[in-house]
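J.: Need coordinates for the below:
(chains A and B)
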Amino acid sequence: MKLPLSAQKKKSPGIFSLLKPYSLMVALLILFALMSNGLNLWLPKLIGQGIDAFNNGNFAYKPLLIKFSGLAFLIFIFTYLQGIAQTYTSERVARDLRTRIALKISAQSFAFIEKTNPSKLLTNLTSDVDSIKLFVAQAIASIVSSIFIIFGASILLLSINWKLGLTTIAIIPIIGGAFYLVLRKVKALFKKSREVIDWLNKVINESILGSALIRVINSQQLEYDKFFDASNRAKDIGLNILRLFAWLIPIIVFTANMAGLTILALGGHYVISGSMTIGDFAAFNSYLALLIFPILVIGFMSNVIAQATASFARIGQVLDTEDLPETGTLTSSLSGAIEIKNITISYGQKSLLKDISFSVNPGARTAVIGPTAAGKTQLLYLLTGLIPATAGEILYDGHPIAEYQSETFHSQVGFVFQDSIMFNMSIRENIAFSDTVTDESLAKAIVTAELRDFVDTLPEGLNTKVSERGLSLSGGQKQRIMLARALALDPKILLLDDFTARVDPQTESKILANIGNNYPGLTLISVTQKIAAIEHYEQIILLMQGEMLAAGTHAELMGSSPEYVQIFNSQQSTSNYEL
Amino acid sequence: MNYNLNSLPAGRVKSSTWSGLKSLLKLVEQERKKLVLAVCAILLNSSLNLLGPYLIGHTIDKYIQTKEYHGVLVFSGILFSMYTVAFVTSYFQTNLMGGVGQRIIFELRNTIFNKIQQLPVAFFNENKAGDLISRVNNDTDKLSQFFSQSLMQFIGSIATMIGAGIFLLIINFELGLATLVPAVFILLFTRSMSPWVKHKNALNLESTGGMSAEIQESLNNFKVIIAFNRRDYFKKRFDLANQENYRKAIGAGLANNIFLPVFGLFSSIAQLTVLSFGIYLITKGNFSIGLLVSYLSYATNFYNPLRQLATLWTSFQVALAGWDRISQILSLSTNLVTIHDGTAEDQHAPLLEFRNVHFGYQGGFEILHNISFSMEKGKTYALVGPTGGGKTTTASVMARLYDPLQGTVLLKGRDIRSYTDGERAEKIGFILQEPFLFTGTVRENILYSNARYHGFTNEQFLEILKEAKLEGLLATFDQGLETPVLSGGESLSIGQKQLIAFMRAVLRQPELLILDEATANIDTITEKLLGQILDKLPKETTLVVIAHRLNTIENADEIYFINSGELSPAGSFREAVDKLMSGKRLS
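T.: Numbers count the residues shown, from 1 in each chain, chains lettered A, B, ... in the order given. Below you'll find the model as predicted:
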């Protein structure tokens, strides 16, 4: 029976390593389990003694009653304590494991989250932790006490009659062997079944996040079919696992029954030949019953252990990820001078940005324009340190981002993302997203982003809760809240990613004027599609398919870059009429 | 209809153990045949296992006590053949019952998913994605654990108990009654504790849902958390949810652990009863030692499964709590039913017409006030106005993502509610403000749910794209049609996602195509290309364009201003601009 267990242990770090910090609790748990189970072993002994005493004619009710009730009460107490210890240990292990995973995740880069895929991380934090919790709650105590009972019962059997005892104990290795064979096959299936669960989760996630599109296109049936495939696969794997396990229990029961038969035939012989008392014979039968149950329990628990091991391996992948290198120590304030030197970003064969170099002066306004998939957003991500460059470097006041303490750096660089990202909190918390935000800077940010009037129309004002994906707000409102979020930091540098896309032109020009008035000296880098709004900027960078085609003022580019002129012309027919 | 699962009136779905069990059993109906077979196997198996101790007791009394070894051997032979049969029935019992469990869970999962597919957009707006995912995964999993692992033991245990109980009563009625008395206490105890235990588990599942929602939100918004250096925010919020979950789980765990010690105590009492009462009966001459030995094992056979039931009962309560949460979803139905409307399509009627439409989201203010307009076949309309004015809401009502609170929407002169979802989706295309992509390839996303080009090779499909002038839009995808789309489309820029959404909608050739800021993040040159593509659409196609950039709407035949939920016509683009130029403020 120890074969699968020791096989687990070889893996480093095994799932048992998880229990080290809780050794005291686990010890208590095991102690209570052993006490309650050990005392349980005593009961048949008492019964056997009672029968023998009766057979010998010296039976008395009183001592039996007292001993028996005392024992039963103690068993009750210890079983209850075991339950409590079990709950606290398992929940604590689960909680701390979740905290560890979350801590690990929170120290990772954006690229890690994208690569690992949020829905897998969600499964790690929920179902995977749950199966480990089940392991702690049920497996540890039951396995230890089962082994204890098996040992105890075996010793008692041997002490009563060693020959009969040995033949009875022979069932243990037989059953152990059966387990080993079945579990070896089941392990691969468990891994597959976890993968299918990930697949199921993905289909569910997409059908929830894409619910509007699915309803517009009326593709519910298609989604159902996708789900059905995954669900069907899960069922098939489940049935395969079942078929293997279906052999296990009959084998155990049959083997145990054979032991019972041996006791009857052989023990009967001993009783008849007078080498064994009838009371011992009865006790032998009771101990056999005691022996079977723990063997069955170990069987069920090996299932739990196998699942927990699979889950722990998945969690291990997250926990083993390297932490980001220590952040820098520079805490100086940024002037706004940025130097972008020979930046390249490539994923495999594909280059998103190729050898980009330009510099930004403090307080200057820089626009980045270019067609879809030119690498504009990547450039901004790079400037905030969200993604690393494959080659080249970015210097703020002559120092790379890594040299700055991340708090110092991020509190001076405001970023307005292109996609709306709202948290399920109040509007106030969504805007004052950083700890450093004062009431004053919050108010200034709200006024600058032209949100004052909107907030005033809400009955609960700034305390209005935004629903999870910000569905109760319009696209433009969300974008302005995101702007206010960046401005509330009182940043030295503001990065705008296509901020104007969802805001109507009047509001847009008001907001841009507000920024100029309320945040003088701000260094601005703005990704945009519209030339009209940036004509007077100090610098315009033209990106196309990852390459920097031109850089300069509007007038310079109009003279030197045919591509720029083309974009300019494409906007001419109507840009006079900005509403 | 209120779709917020966490604020549904509790009375509606709160079920007692038995009514919960009944509705659960409905799931089993198709499995009746297999179930009957399985129960037969279980009963046969249990009775064989029960017969064993009886025969052993008989052998002790008849042969061992009388020292007749031959009889012992004969009965050993009988027992051996019995155990062999039990081996077979035991295999079938596990296999059949487990199979039933697996298929029930399969049905259940599919039913929930199917139900969610039938619910309208409002349902998804009112519930957090993480909470929904937790309900579909985690809560079904709790049921699945019960069905696949516990149900068989449950039935087996009950069968063994009943059999053992009958044997106990048959062998000696008096002693049998005395042995069963503690079981009555257990029953009473279980009945009085179960609702409390289930409630504790429900609270636990709820906090799990909350935690899952928290994780989902933080992970999906991780870039903001990094850019604003709020990794501590993620930790803090998570710790809070985690701690809350811990507290609720401890509560549930302590409640769940109450059954086992009590069951154990009463089963000890029962053994004591058998022993002392049995000995008393023997002294009276009504009983034998051999019978007492087998009686003790029957008592064990009765109380051991009962102890097992203590554990199973807990998992049953957990499953019921999960079932309640799932039933909440299953109890919902769509509020967008297809109504029967006798009127036929009128080819001369406007393609789409709003008549005095009022609309507001569930639990909110009225957003659209008394809107009326009509849109003719083949024309282009633009909806403009400040943010938050109601443009997207109007478009959503057009596509019947929602029904108006008052007033009607007519499609070709017929109430839009009288079209089936399929008919409507074929006629109306809607490019949503936030493009959504599925994991897969660009091609799969463009052809998502489009049967027309099913089975086309990439070359054939490229021809189609060329004809529709769509081919040029593929230039930004480095591997063309086969460019992979990773989870949530994060590998692509928003502009690229908008291009895919655009191709997807155009290829479906709807009669009415709504573009809700569908090109907002696309550069002006590509946008011109999109304009040419729209020009290539069949003449009868009606376009509704929502945009801030004027070049997107300059070809509009008619412009509507939408502000504060009110709509006013502003004539053609030229007229609108002229009005603006002459100083009239329109919004």
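J.: and B:Tyr402, helix, strand or coil?
T.: coil (DSSP: H, G, I helix; E, B strand; the rest coil).
J.: And the nearest residue to it once chain neighbours are set aside, how far from B:Leu352?
T.: Excluding the flanking residues, the one nearest B:Tyr402 by CB to CB, 6 or more residues apart in numbering or on different chains is B:Ser396, at 5.7 Å. Backbone N, C-alpha and C define where each C-beta goes, glycine included. Between B:Ser396 and B:Leu352 the distance is 13 Å, computed by CB to CB, to the nearest Å.
J.: So for those two, which sits in the more crowded spot?
T.: B:Leu352 (25 against 22; other CB atoms under 10 Å in any protein chain shown).
J.: Provide a list of residues in contact with the closest residue to that one other than its chain neighbours.
T.: Distance criterion CB to CB, 6+ apart; nearest residue to B:Leu352, sequence neighbours excluded, is B:Met375 at 4.6 Å. With contact taken as CB atoms under 8 Å, 6 or more residues apart in numbering or on different chains, B:Met375 is in contact with B:350-353, B:381, B:512, B:542, B:544.
J.: and which of those residues is nearest chain A?
T.: Taking CB to the nearest CB as the measure, chain A sits nearest to B:Leu512 out of the contacts of B:Met375, at 11.7 Å.
J.: Could you report the neighbour count for the closest one?
T.: B:Leu512: 23 neighbours (other CB under 10 Å).
J.: do the same with the one 5 residues further on
T.: Neighbouring residues of B:Glu517 were enumerated by other CB under 10 Å; the total is 24.
J.: just checking, it touches B:Glu434?
T.: No - B:Glu517 is not in contact with B:Glu434 according to CB atoms under 8 Å; the separation is 9.3 Å.
J.: so what sits against both of these two?
T.: With CB under 8 Å, 6+ apart, B:Glu517 and B:Glu434 have common neighbours A:Gly475.
J.: and the helix or strand harbouring A:Ala513, average pLDDT?
T.: A:Ala513 belongs to helix A:505-518 when assigned by DSSP states H and E. For helix A:505-518, mean pLDDT is 87.
J.: Can you give the distance of it from its chain's centre?
T.: 42 Å (CA atoms, centre = their mean, to the nearest Å).
J.: helices or strands up against that helix?
T.: For helix A:505-518, the elements it packs on are helix A:439-448, helix A:475-487, judged by 3 or more CB pairs under 8 Å, 6 or more residues apart in numbering or on different chains; DSSP states H and E.
J.: residue contacts, B:Asn563?
T.: B:385-386, B:389-390, B:587.
J.: what is it paired to in the beta sheet?
T.: Per DSSP bridges, the residues bridged to B:Asn563 are B:Glu566.
J.: And it, how close does it get to chain A?
T.: The spacing between B:Asn563 and chain A, counted by CB to the nearest CB, to the nearest Å, is 10 Å.
J.: Run through chain A and note the low-pLDDT ranges.
T.: A:1-13, A:326, A:467-472, A:573-579 (pLDDT under 70).
J.: and the residue of it nearest chain B?
T.: Proximity of chain A to chain B (CB to the nearest CB) peaks at A:Gly476, 2.4 Å away.
J.: Can you pull the phi/psi pair for the residue nearest to B:Leu352?
T.: Backbone torsions of B:Met375, given as degrees, to the nearest 10, read phi -120, psi 130.
J.: any idea how far it lies from chain A?
T.: 18 Å.
J.: ditto for B:Gly251
T.: According to CB to the nearest CB, B:Gly251 and chain A sit 9 Å apart.
J.: Could you pull out the strands in chain A for me?
T.: For chain A, the strands defined by DSSP state E cover A:338-347, A:350-360, A:365-369, A:391-396, A:399-400, A:413-416, A:493-497, A:523-527, A:539-544, A:547-552.
J.: how much does the longest one deviate in direction from strand A:539-544?
T.: Between the direction of strand A:350-360 and that of strand A:539-544, the angle (axes from the mean of the first three to the mean of the last three CA atoms, to 10 degrees) works out to 170 degrees.
J.: Over to the fourth one?
T.: Orientation note: strand A:391-396 sits at an angle of 160 degrees relative to strand A:539-544 (the same axes, to 10 degrees).
J.: May I see the buried residues of strand A:391-396?
T.: A:392, A:394, A:396 (16 or more other CB atoms under 10 Å in any protein chain shown).
J.: and those as CSV, adding distance to chain B?
T.: Formatted as CSV, the buried residues of strand A:391-396 follow (distance: CB to the nearest CB, whole Å):
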residue, distance to chain B
A:Gly392, 21
A:Ile394, 15
A:Tyr396, 15
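J.: Where do the strands of chain B begin and end?
T.: Assigned by DSSP E, the strands in chain B fall at B:352-360, B:366-375, B:380-384, B:406-411, B:414-415, B:428-431, B:440-441, B:484-485, B:512-516, B:542-546, B:558-563, B:566-569.
J.: what lines up beside the second one in the sheet?
T.: So that's strand B:366-375. Here, using DSSP bridges, strand B:366-375 pairs with strand B:352-360 (antiparallel).
J.: Which positions within the partner strand qualify as buried?
T.: Using 16+ other CB under 10 Å as the test for burial, strand B:352-360 gives B:352-355, B:357, B:359-360.
J.: I am finished for the moment; much appreciated.
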